[in-house]
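Chemist: generate coordinates for the sequence data below:
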Amino acid sequence: MRTEFAGYGLDLATPAGRVHLIAVHPRPPVGDVSGWRMDHGVIRHAARATSERTLIVGDLNATMDHVPMRALVGSGFEDAATQADSRWQPTWPAAGEVSRLGFPVPSMVPIDHVLVSSGLRALRTDTVTVEGTDHRALLAVVGL
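Modeler: Here you go, the predicted structure:
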């Protein structure tokens, strides 16, 4: 899989069988968004290319309101935070890591995601601070 910021696909062996993991980081949708759209197209292609139980994880630089995210949901993926009925969990910016007009900006936008295919079930999600990054990490507990 080739996006501007790279991505990885690998198979995980679990006691209940194989799970395909797609780790991604498409470009952000700033300025000319054609690169962002292209990167999301690569992600959708990689997701469709496997019939295995699949996780798509990473900084997708998109909220669930963006068309590329709705396209992934339309192709059989579910957002783990939504599926687990988690509360609103913004991941960007990490609280205090970005400032505007001299004031730290709180976490406001959920752009980091775990998406699960059929055969997988998100049990819970949470966000945690990771020192020195401009994102909060999204953790998901997923069952088979």
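
Chemist: in this protein, where is pLDDT below threshold?
Modeler: Where the chain drops to pLDDT under 70, the residues are 1-4.

Chemist: strands along that one, start to end?
Modeler: Remark: strands assigned in the chain by DSSP state E are 8-14, 17-24, 53-59, 78-79, 99-100, 103-104, 112-116, 121-129, 136-143.

Chemist: does anything pack onto the first one? Which helices or strands?
Modeler: Read that as strand 8-14. Here strand 8-14 touches strand 17-24, going by 3 or more C-beta pairs under 8 Å, 6 or more residues apart in numbering; DSSP states H and E. Backbone N, C-alpha and C define where each C-beta goes, glycine included.

Chemist: just the third one next, same as before
Modeler: When contacts are defined as 3+ C-beta pairs under 8 Å, 6+ apart, strand 53-59 packs onto strand 17-24, helix 34-48, strand 112-116.

Chemist: tell me the gap between the first one and the middle of its chain.
Modeler: Computed by C-alpha atoms, centre = their mean, to the nearest Å, the separation of strand 17-24 from the middle of its chain amounts to 13 Å.

Chemist: okay, now the sheet partners of it, with direction.
Modeler: Note on strand 17-24: by DSSP bridges, its sheet partners are strand 8-14 (antiparallel), strand 53-59 (parallel).

Chemist: okay if I get those as JSON lines plus mean neighbour count and distance to residue 108?
Modeler: Converted to JSON lines, the strands paired with strand 17-24 look like this (neighbours: other C-beta atoms under 10 Å; distance: least, C-beta to C-beta, whole Å):
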{"stretch": "strand 8-14", "mean neighbour count": "11", "distance to residue 108": "28"}
{"stretch": "strand 53-59", "mean neighbour count": "22", "distance to residue 108": "15"}
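
Chemist: indicate which one of those is closest to residue 29.
Modeler: Among the strands paired with strand 17-24, strand 53-59 comes nearest to residue 29, with 12.2 Å by C-beta to C-beta.

Chemist: what angle sits between the closest one and strand 136-143?
Modeler: When axes from the mean of the first three to the mean of the last three C-alpha atoms, to 10 degrees is applied, the directions of strand 53-59 and strand 136-143 differ by 170 degrees.
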